[in-house]
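[1] model this:
(one chain, ligands or ions: 1)
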Amino acid sequence: MSSELSAQHAVYVGSFDPVTLGHRDIIRRGAKLFQRLTVGIGINPDKKPLFSPEERLKILREIVAPLKNVDIGSFEGLAVNYVKQCGAAVMLRGMRTLTDIEAEFTMTLANRALEPTIETVFLMASEKYSHISSTLIKQIAEMGADDTAEQLKEFLPPEMIQPVLAKYRSS
Ligand code: ADP
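    Numbers count the residues shown, from 1 in each chain. Purely as a prediction, here's the structure:
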């Protein structure tokens, strides 16, 4: 017995470690396209993240609070399985560069082989955010100059700035 997956429901999967302005932009745009958007935080038990899944869940909830059709969840294992579990027919991803396209293309083909009923939809990064990545944020925060908080405003939602700074101050 197969339950019906909704094409009006998309799941935006990623690590979100930390959540950037680029991620927030995809969330806002995705929320306009789909009736319901779930942000799914992928947990990889083999990797040591900067933020625990609980921390990411809490901050993402604050960030999406104004968006009434967005909810947050987390998962371990295959993203397609999580999307299916959510009852969604669409996996949403963002796309920044040619390098992203290459990696996403392979992943999308693998996901389609695993779960043909789920379509992956890509939103192209907005030009003002296309250079932003979680890795870049970590590098900037690690350098830790006096005006880092000010600099991070260019890359992070306001809710994410102090938590990122705190990680590097306490280490
Ligand atoms: P993952 O480890 O799954 O790539 P990320 O948190 O790095 O997780 O990214 C989640 C998704 O958001 C990916 O599809 C990625 O391409 C997209 N993304 C990341 N940064 C941006 C950005 N600045 N603009 C648009 N999309 C982005």
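
[2] count of neighbours near residue 90?
    Counted with other Cβ atoms under 10 Å, residues neighbouring residue 90 total 21. (C-beta placed from N, C-alpha, C; glycine too.)

[3] My read is that it contacts residue 12, right?
    No. Using Cβ atoms under 8 Å as the test, residue 90 is too far from residue 12 to be in contact (9.4 Å).

[4] State whether residue 112 is indeed within a strand.
    No. Read with DSSP: H, G, I helix; E, B strand; the rest coil, residue 112 is helix and lies in no strand.

[5] Any figure for the gap between it and residue 101?
    Using Cβ to Cβ, to the nearest Å, residue 112 is found at 16 Å from residue 101.

[6] Tell me if stretch 86-101 is near the ligand.
    Yes. Using Cβ under 6 Å from any ligand atom, stretch 86-101 reaches the ligand at 93-96, 100.

[7] So which of those residues wins on neighbours?
    residue 94 (22 neighbours).

[8] I figured it hits residue 130, correct?
    No. At 9.3 Å, residue 94 does not count as touching residue 130 under the criterion of Cβ under 8 Å.

[9] Now list whatever residues contact both of those two.
    residue 22 (Cβ atoms under 8 Å, 6 or more residues apart in numbering).

[10] how about the strands in the protein?
    Listed from the start of the chain, the chain has strands (DSSP state E) covering 6-14, 36-43, 70-76, 88-95, 119-124.

[11] May I see these arranged in CSV, with mean pLDDT as well?
    Output for the strands of the chain, formatted as CSV (pLDDT from 0 to 100):
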stretch, mean pLDDT
strand 6-14, 98
strand 36-43, 98
strand 70-76, 98
strand 88-95, 98
strand 119-124, 98
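
[12] With distance to residue 25 as extra columns, can I get those strands in TSV?
    Listed next are the strands of the chain as TSV, based on distance: least, Cβ to Cβ, whole Å:
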stretch	distance to residue 25
strand 6-14	11
strand 36-43	13
strand 70-76	13
strand 88-95	8
strand 119-124	8
